[in-house]
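Visitor: fold the following, please.
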Amino acid sequence: MKTRNIRLGELEKGVRARIVSVSAPNDEMVRSFLEMGLLEGSLVRVVHQAPLGGDPIAVEVRGAVIALRRLEASGISVEEVPGGVV
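Guide: Purely as a prediction, here's the structure:
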């Protein structure tokens, strides 16, 4: 089954995905993502979303829960993991 890449900010609550790429408008933000464990190949899951599609979203990665603005999360490309709904 072929999976499609989407932005982390578009991932629905409870769905697991693997990070495919990390980009940001500046190196400092990329470094911040990497320090938080948002690395290519890492599994992530959205555990909370603000009402009405607002900010922030909370994602679980490497055992930690991290809050991100949707704009920040839009720089992280993910692919859904088959059977990854929790």
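
Visitor: C-alpha only now, for contacts and for neighbours.
Guide: Will do.

Visitor: by mean pLDDT, flag the weakest helix or strand of the protein.
Guide: When the helices and strands of the chain are compared on mean pLDDT, DSSP states H and E, strand 76-85 comes out lowest with a mean of 84.

Visitor: so residue 56 is in contact with residue 47, correct?
Guide: No - counting by C-alpha atoms under 8 Å, residue 47 is not a contact partner of residue 56; they are 11.1 Å apart.

Visitor: in the longest helix belonging to the chain, what's buried?
Guide: Criterion DSSP state H: the longest helix present in the chain is helix 27-35. Across helix 27-35, burial judged by 16 or more other C-alpha atoms under 10 Å covers 30, 33.

Visitor: stretch 39-56 too?
Guide: Buried residues in stretch 39-56, counting neighbours by 16+ other C-alpha under 10 Å, are found at 39, 43-49, 56.

Visitor: residue ranges with poor pLDDT in the protein?
Guide: The chain contains residues with pLDDT under 70 at 1-3, 84-86.

Visitor: quick one, strands of it?
Guide: Applying DSSP state E to the chain gives strands spanning 5-7, 15-22, 43-49, 57-61, 64-68, 76-85.

Visitor: just put those in JSON lines and tack on distance to residue 28.
Guide: Formatted as JSON lines, the strands of the chain follow (distance: least, C-alpha to C-alpha, whole Å):
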{"stretch": "strand 5-7", "distance to residue 28": "20"}
{"stretch": "strand 15-22", "distance to residue 28": "12"}
{"stretch": "strand 43-49", "distance to residue 28": "21"}
{"stretch": "strand 57-61", "distance to residue 28": "20"}
{"stretch": "strand 64-68", "distance to residue 28": "15"}
{"stretch": "strand 76-85", "distance to residue 28": "15"}
